[in-house]
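Visitor: Here is a sequence together with a model predicted from it:
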Amino acid sequence: MIKNPLLGSWKLISLQIQMDNGKVDYPFGEDAIGYTIYTDNGYVSFHVMNANRPKYTNEYEPDPEEVVASVDTSMSYWGKYEIVADKVISYPEVSSYPNFVGTTVERFFSELTETTMSIISPDWEEDGIKARYYIIWQRI
């Protein structure tokens, strides 16, 4: 049996959107923080957020604007995963982004070593320009 190279905990190093026109966007900020955990029974837990999210003014009753800001600056999901050839496929069952639940999330391996995992999303078009997520993780 081949050991699963994803097993364990990973810390986010970088999460960016790279566009074919050379533009790079950081949807959670250049200093985004996050973790992902791959378990031996086939589950993944993924969490990223902007490192500078403001705290709620009132801890137990945030303003609507504060709630929107907290949702816009973070992303998480949990579900099954599998490795198929040169990619990892996740099947979110729970997510902070409701439209992710029940979908298939594919990420291609750009690099996978004992300590580093770089993954790339399939391309999509944004204003007629091809774009993709490029995410780098470091094993912890």
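Guide: Looks like it arrived, so ask away. Quick caveat, the model's predicted, so the values are computed rather than measured.

Visitor: What ranges does the chain have for its helices?
Guide: Applying DSSP state H to the chain gives helices spanning 64-72.

Visitor: any low-confidence regions in it?
Guide: Residue ranges of the chain with pLDDT under 70: 1-2.

Visitor: Go again with 50.
Guide: Scanning the chain with the threshold set as pLDDT under 50 gives 1.

Visitor: Just the strands from it, written as ranges.
Guide: Remark: strands assigned in the chain by DSSP state E are 8-19, 24-25, 33-38, 43-49, 74-84, 87-95, 105-112, 116-120, 124-126, 129-139.

Visitor: Make a markdown table from these and add mean neighbour count and distance to Val67 to it.
Guide: All C-beta spots, glycine's among them, are computed from the backbone N, C-alpha and C. Shown next, in a markdown table, are the strands of the chain (neighbours: other CB atoms under 10 Å; distance: least, CB to CB, whole Å):
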| stretch | mean neighbour count | distance to Val67 |
| --- | --- | --- |
| strand 8-19 | 16 | 23 |
| strand 24-25 | 11 | 24 |
| strand 33-38 | 19 | 20 |
| strand 43-49 | 19 | 14 |
| strand 74-84 | 17 | 12 |
| strand 87-95 | 17 | 17 |
| strand 105-112 | 15 | 25 |
| strand 116-120 | 18 | 30 |
| strand 124-126 | 12 | 26 |
| strand 129-139 | 17 | 25 |
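
Visitor: okay, these in CSV with distance to Tyr56 next?
Guide: As requested, the strands of the chain are exported to CSV (distance: least, CB to CB, whole Å):
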stretch, distance to Tyr56
strand 8-19, 24
strand 24-25, 27
strand 33-38, 19
strand 43-49, 14
strand 74-84, 13
strand 87-95, 22
strand 105-112, 29
strand 116-120, 32
strand 124-126, 32
strand 129-139, 28
